[in-house]
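**Q** Sequence below, structure please.
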Amino acid sequence: MNPILPGDPILKGADCTTMAEVRAGVDALDRELVALLRRRFDYMDAAARIKPARGAVRDEARKAQVIAQARAAAEAAGLPGEAIAALWDQLVEASIAYELAAFDRRAG
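**A** Take a look at the predicted model:
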C-alpha cells in the first residue's frame with residue numbers, strides 16, 4: 001500500500017481504491033469542516049455583538065428552524081436526516097454556548 005504524501009491530489013470517494021486514499025480524503029474534508037465552523041462561529045460573535053440582551057441568545061424557534069433545514073438538505077442529498085438533525089442539534093447548542101460566552105465577554 002502506497003501512503004498518501006503531502007501535496008498528493010485528494011481523490012473523490014468513488015475514485016478511492018485504498019484506505020490511505022480514503023483517510024487522506026476524510027482528513028482533508030475535516031480540515032475544511034473546521035474552517036467552515038470557524039466561519040459559522042464568527043457569526044455567533046456577530047450575534048453576540050448585535051443582540052441587545054443575553055436572554056436573546058437562546059431562540060428555540062430559530063434552533064428548530066435551523067435543524068429542520070439541515071435535516072431537509074441532508075435528506076435531499078441522500079443522507080440520513082435523523083443523524084444529521086442530531087448532529088445539528090449539537091452544533092446549535094455549541095453555537096449557543098459560544099455565543100453566550102462571547103456576549104459575557106462583551107458585557108464584562
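**Q** hey, let's count contacts and neighbours off CA atoms from now on
**A** OK.
**Q** Centroid-nearest residue for the chain?
**A** The residue lying closest to the centre of the chain (Cα atoms, centre = their mean) is Leu37, at 4.9 Å.
**Q** And the next helix or strand past the helix or strand hosting it?
**A** Leu37 is part of helix 19-50, with elements assigned from DSSP states H and E. For helix 19-50, the succeeding helix or strand toward the C-terminus, using DSSP H and E, is helix 60-76.
**Q** Please identify the buried residues of that following helix?
**A** For helix 60-76, the neighbour count (16 or more other Cα atoms under 10 Å) marks 63, 66-68, 70-72, 74 as buried.
**Q** would you turn these into JSON lines with pLDDT and distance to Ala48?
**A** Shown next, in JSON lines, are the buried residues of helix 60-76 (pLDDT from 0 to 100; distance: Cα to Cα, whole Å):
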{"residue": "Lys63", "pLDDT": "98", "distance to Ala48": "16"}
{"residue": "Val66", "pLDDT": "98", "distance to Ala48": "18"}
{"residue": "Ile67", "pLDDT": "98", "distance to Ala48": "20"}
{"residue": "Ala68", "pLDDT": "98", "distance to Ala48": "23"}
{"residue": "Ala70", "pLDDT": "98", "distance to Ala48": "23"}
{"residue": "Arg71", "pLDDT": "98", "distance to Ala48": "26"}
{"residue": "Ala72", "pLDDT": "98", "distance to Ala48": "28"}
{"residue": "Ala74", "pLDDT": "98", "distance to Ala48": "28"}
